[in-house]
Each structure stands twice: as structure tokens, then as C-alpha cells.
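1. Quick one, what's the 3D model for this:
(2 chains)
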Amino acid sequence: MGLRGGGCHRAPLGRVGLVAISCALLFAVAIGMVVVRVNGVDHLRVASPSSASGFPGTQPAASGLMTPTATAPPGAMVPVASPMPKSVPVRVEIPAIGVDSTLVGLGLQADGTLQVPPAGFPAGWYSGAPTPGERGPAVIVGHVDWGGHAGVFYRLHNLKPNDEIAVARADGSTAIFRVIRVEQFPKDQFPTALVYGNLDYAGLRLITCSGAFNLLAHSYQDDTVVFAELANSTPA
Amino acid sequence: MVFAGPAQAATAVPLGTAGSYAILAGSGITNTGVTTIVGDVGSSPTSVESGFAACPGADCVALTGANHTDPDPNDAATQSAKMALTTAYDNAAGQTPTTIPTELAGQTLAAGVYNSTSGTFGMTGTLVLDGANNPNAVFIFQTASTLITGGTGNVSLIRDAQACNVFWQVGSAATLGAGSTLRGTIMAHDNISLDDGVTVDGRLFAGEQSSGAGAVTLIHDTITRSLCAAPPPPPPAGTATATATSTVSATPTATSTVAATATATRIVNATATTLVGVIPPVGGPPQVGQVPRGPVQTGDGSSIGGGHDRRGLLAGGIVGLAIAGGTVLVSTRRRRN
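-> Numbering: from 1, shown residues only, chains lettered A, B, ... in the order given. I've put the predicted structure just below:
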């Protein structure tokens, strides 16, 4: 369907460090990595191949953390809604930043990078990841700008924790997420494991370009990632 | 049940100046509870609003858009919009329909114009509107009298169907049951009443008649004026090829260590200054089977001030020029939260 590799081609920047990090993270994912939520903070945990102990549906005790409360906000855990059955997303709405977009399915490019939508609108979802509302990390990406116009995720960086993201699904249900946090990462330090690693809840990641723009390399230098969790849902 | 009969072709209903409104009424708007509205609001000729105090409050409206009732009631814009509504209503009512069952739930419809033998439509379940991959697919529903949705009423849009292209021409009044979801623009001859917790992905236009009737009643609802997704712009012109290689500082501030035999491994978020913790190991098949490689490339730098700023653009340009002049080591690290 004419999906293209995207306009902000990554410059050949810092390959050695990038490759080292990427390889480490990808390896981590390959051997089994899970991101869990403790007191509102995403944590990575790494599977030991020797302890295939199943997949808990509950969050671990805080005592399992070496730094249990350093980054945790005050207060009790925020309840996360139960995951929903699989259903393809058809629309995303983010009232806080005026986003209302249909969704196209995205796959991988020949070089293994994520496809991006063919234009500034609409946004797209990675069909190789769980559907929004399913347990695991659903992924929706959109352009920050394209062809001289603001793209669908032009204002993504303005999102704040607890802002709502509604994803309408083909079965008529709606998955309603709340923003956990908004982070900006240099492209050469893109947190692959944190974005795509296993979750013990239904999560959502919204991604777009951000940061400085390198005119010659035709690439933004950063990616903004919005991390969200399922807060509510309406039935099919 | 899939409706398989031939559907009459529908053409988009021109909303004119009413298009900027999320809610348009003739005899006023009443709100109870906390309601969210995205789009303009107005009522003409009778400009009465109640429960429209700014949130937070017991009865309040979180409004993103212009309120054409306060401080300038029945303004020229709203009068014009009401006339545009009448034109739009007549347009929708004048298109040739295909007759389908009164109960919309359970039906899957292609683009077209629809009415029912009873002259009403009800929806106590999900109606699916299938755009067949055409983002311009138009759906028009005509009733001689009422449109009533039950609590489970829901319009599901699939394959590029858009709420901006769905129109409900209601001959008398529309009533949306508590918790229901409706997509599209309702154009009612008389009143529109929403129960508690209704979601409208579209517009509520009441009182298309010139008599001045037509009230809108809201209870803790969410109304979002739906806009069509912009058509894809032409592909960008080819960019200058840059063959110079550059090196931007990649000195990692944190290292990621993964040891297959470790029972607990410290993982450091690549850019966050805080440790994200160490968790006891847990297995499970990967939820993302094929993990995309590297970052995501979503933008062409053709705007200013969104995800980046002028300083960033300038810095990028300088980097580019420096690279063009030779090899340079640049350390550009920006982080905004």
C-alpha cells in the first residue's frame, strides 16, 4: 500500500555506540524481557532461561526491587484495567492534543525498522505487536510533520500524565488508556526493550520524531515516546 | 447480520458554516454534570445555556471551542450556522434512500442513504459502517420521526469510514441512551436529548426549523466534533543527497547489561537519569514477535515548533553545514519534557 521508509532518515550517526546498545537491547528482548509497572513506574525485568517460571498476572512485590521506591510516586498503585481480547484498532483519539485519526497497519521495512504511515495523516499501528487493549505493548506511530504541514502527532510532546487516549477497535469496543509518562530519547539511544518488551498489563506506546532537526541528514535527532496503560474499556 | 442489498449512493452533506460547531440549538442548551465538548457551541434564536460554567464544578462544561452564547448571544455566526443547518438538513432528507430494518444494531452497512419503513431508527447494540477503504464513503440515515439509541448503542467505523461522513437526518427528536456512542452529525428537526455518559464523535444540531424550537439536553457527556482526516499531501520533493559521513556523540550515559545467566540484572534506562529498577526474572513468550530495529522515523522537518523548535532547526542546519565541510564531531543532545 505504498508505505515508505519515512522522511527523517536516520543519519549515519554514532554507529559504534548505537550498534552496541541496540544489539544489547535486542538480545535482551530475544532472551525474554518483561516490563512491569510498580507504583506507576515501568520496570524492566529480564528472564533467566533457567527459570521459566511462567507469566504472572500480578505485579511483583516491591521487595524485589533493588531500588524499590526511588522513582515511585507517592500513593498506592493505580489500578490497571484488565486486558481486552484481540481486535484490530481503527481509530485513535487524544482529546488533550486534538488528535482524531484513523489507523493504518504498519509492518517492518526490509532493514528491520518500523514502517511509518505514507503521509502526515493518518497515524498507524504496528501489526506485529499486540492490538491496543491486549496484554502487552501496543504501538502507534505518527508523523510530527510532513509535506509542509503539521502531522497527526505534531503536539504529542504536549501530553501529560493521566491524559486520555481512546482507541476504537474493529469489534466496536474502545480501549481507553491513560498516559504514564512522556519521554524524549536521542535516536541513537532509542529504548527498544522499554518500548517493545513484554508487559504484564495492556500498554500503549505513541511514538513520533522530536528534538533538533538535522537539515542535511534530513533527520530529527530524537524520538518522543508516550507510555500509557489501559485505564478503562467499553465492550464490543 | 450483514445487509447485502443495493445501497443508494450518498453524497456528502455540505454543512457550511455550521461545520465548526459541535452543538447547535434553536431554543437553548441544558447541561447537568461534567460535560466535555470539542468544537463551537451556539443557540439561535434563543440563546439560553445552563450548566455551562467552566470546570471544575458540579455542572460544568470543559469546552475546547468558541461559545457563541456567552458573551455575545445569538450572534451573526450562529444565525448563519442555523441557516446552513436547514440547508444541510434538506440536502440529507432529499437524497434517495434504501429501506433497511428499524433496528440498526447487528447490521453492517456499506456507504449509502438509508431509511426504514417505520420512519424511525433504533440502536441497542453495534452498527457497523464499512467504508470499504474509501475515506470519502458517505453514510446518511433518514428518519421521519425519531432516532433512539439504547445504552449499548454504538456505531463502529471500519475500513476508512469516518464520522465526518456520517449524517443522521432526524424528522423529530433524537434520544441517545446512557452510555451509548454515536458517530456522525445529527441534524434534528426538534430536540436532541442525551442521557448520562453518552459519547458523540460528531455533532449535535437541533432545531433545523425556523420556528425557533430545538433544545439540546446534556448529562455528563462527551461531544467531539469530528473532522475528516486530511487527504494525503503530495510526496515531498527529493532532498539533497548528503554523502558526507558524520559522527554525533554517541557516548552513552548509561550502559545496558544483560547476562543470560544472571538471576537479577540491573537495567538502566538509556536516557532517563533514574534507574528503572531491577526485577526478579520472569519468562514468557515475547509479545512483540519481531521487534523493530532502532528508532522511528516520523517527520520530514517541514514544520516549525511542533516536536522541535527554531533553535533546534538552526542547530541542525549548522551541523549539516559543518558536516558538508568535512568530518566533524558534534555533540548535540537535547531533551525536553
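
2. what about stretch B:191-202, start to end distance?
-> By CA to CA, to the nearest Å, the extent of stretch B:191-202 from end to end equals 16 Å.

3. tally of neighbours for residue B:195?
-> 19 (other CB atoms under 10 Å in any protein chain shown). Yep, even glycine has a C-beta here, placed from its N, CA and C like the rest.

4. My understanding was that it contacts residue B:178; is that so?
-> Yes: under the criterion of CB atoms under 8 Å, residue B:195 lies in contact with residue B:178, with a separation of 3.8 Å.

5. can you list residues touching both of those two?
-> Taking CB atoms under 8 Å, 6 or more residues apart in numbering or on different chains as the criterion, residue B:195 and residue B:178 both touch residue B:219.

6. for residue B:83, phi and psi?
-> Main-chain dihedrals, residue B:83, degrees, to the nearest 10: phi -70, psi -40.

7. if I look at it, how far off is residue B:14?
-> 13 Å (CB to CB, to the nearest Å).

8. These two: which is more packed in?
-> Counted by other CB under 10 Å, residue B:83 and residue B:14 do not tie: residue B:83 has more neighbours, with 16 against 12.

9. And the pLDDT at the more buried one?
-> Looking at residue B:83, its pLDDT is 95.

10. same deal with residue B:247?
-> For residue B:247, the pLDDT comes out at 32.

11. what do you get for residue A:24?
-> 40.

12. And for residue A:69?
-> 30.

13. now do the one 10 residues further on
-> Confidence at residue A:79, expressed as pLDDT, is 61.

14. Repeat that for the one 3 residues further on.
-> At residue A:82, the predicted lDDT confidence score is 89.

15. Look at it and say how many residues are nearby.
-> Neighbours of residue A:82 using other CB under 10 Å come to 12.

16. and residue B:87, what is it in contact with?
-> Contact analysis of residue B:87 by CB under 8 Å, 6+ apart lists B:14, B:16.

17. Kindly report the same for the one 10 residues further on.
-> With contacts defined as CB under 8 Å, 6+ apart, the neighbours of residue B:97 are B:8, B:113, B:114, B:115, B:140, B:142.

18. Can you tell me which of those is closest to chain A?
-> residue B:114 (18.7 Å; CB to the nearest CB).

19. Just confirm that closest one is within a strand.
-> Yes: according to DSSP: H, G, I helix; E, B strand; the rest coil, residue B:114 belongs to a strand.

20. Who are the contact partners of it?
-> Here residue B:114 is in contact with B:7, B:97, B:98, B:99, B:100, B:139, B:140, B:141, B:142 (CB under 8 Å, 6+ apart).

21. which non-adjacent residue is nearest the second one?
-> Once flanking residues are discounted, residue B:97 sits nearest to residue B:115: 4.0 Å by CB to CB, 6 or more residues apart in numbering or on different chains.

22. Looks like the one you found contacts residue B:147 (just checking).
-> No: Residue B:115 is beyond contact range of residue B:147, at 11.4 Å (criterion: CB under 8 Å).

23. pLDDT score assigned to residue 16?
-> Let's take chain A. On pLDDT, residue A:16 comes in at 38.

24. that's the wrong chain, I wanted chain B
-> pLDDT, residue B:16: 92.

25. how close does it get to residue B:131?
-> Going from residue B:16 to residue B:131 by CB to CB gives 24 Å.

26. Counting neighbours, go ahead and name the busier of the two.
-> residue B:131 (21 against 15).

27. Leaving out chain neighbours, which residue sits closest to that one?
-> Closest residue to residue B:131 apart from its sequence neighbours, by CB to CB, 6+ apart: residue B:161 at 3.4 Å.

28. give me phi/psi at residue A:97?
-> Backbone torsions for residue A:97, taken as degrees, to the nearest 10, come to phi -120, psi 20.

29. Excluding chain neighbours, what is closest to it?
-> Among residues not flanking residue A:97 along the chain, residue A:155 sits closest, at 4.1 Å (CB to CB, 6+ apart).

30. I'd like to know how far the one you found sits from residue B:134.
-> 28 Å.

31. which strands and helices sit next to the strand or helix carrying residue B:223?
-> Secondary structure assignment for residue B:223, by DSSP states H and E: strand B:222-224. Strand B:222-224 is packed against strand B:21-25, strand B:34-38, strand B:199-205, with contacts defined by 3 or more CB pairs under 8 Å, 6 or more residues apart in numbering or on different chains; DSSP states H and E.

32. Which strands border the first one, and is each parallel or antiparallel?
-> Strands adjacent to strand B:21-25 in the sheet, as given by DSSP bridges, are strand B:40-43 (parallel), strand B:199-205 (parallel).

33. helix or strand right after the last one?
-> Right, the one you point to is strand B:199-205. strand B:215-219.

34. now the angle between strand B:21-25 and that next one, please.
-> 120 degrees (axes from the mean of the first three to the mean of the last three CA atoms, to 10 degrees).

35. Helix, strand, or coil at residue A:91?
-> Classified using three-state DSSP, residue A:91 is strand.

36. ok, now the one 5 residues further on?
-> The three-state assignment at residue A:96 reads helix, by three-state DSSP.

37. Was I right to think it contacts residue A:163?
-> Yes: the criterion here is CB under 8 Å, and residue A:96 meets it with residue A:163 at 4.2 Å.

38. Who does the residue nearest to residue B:97 form a beta bridge with?
-> Assessed by DSSP bridges, residue B:115 has beta-bridge partners residue B:99.

39. Can you tell me how far the closest residue to residue B:54 other than its chain neighbours is from chain A?
-> Using CB to CB, 6+ apart and skipping the chain neighbours, the partner closest in space to residue B:54 is residue B:60 (6.2 Å). Distance, residue B:60 to chain A, using CB to the nearest CB, to the nearest Å: 16 Å.
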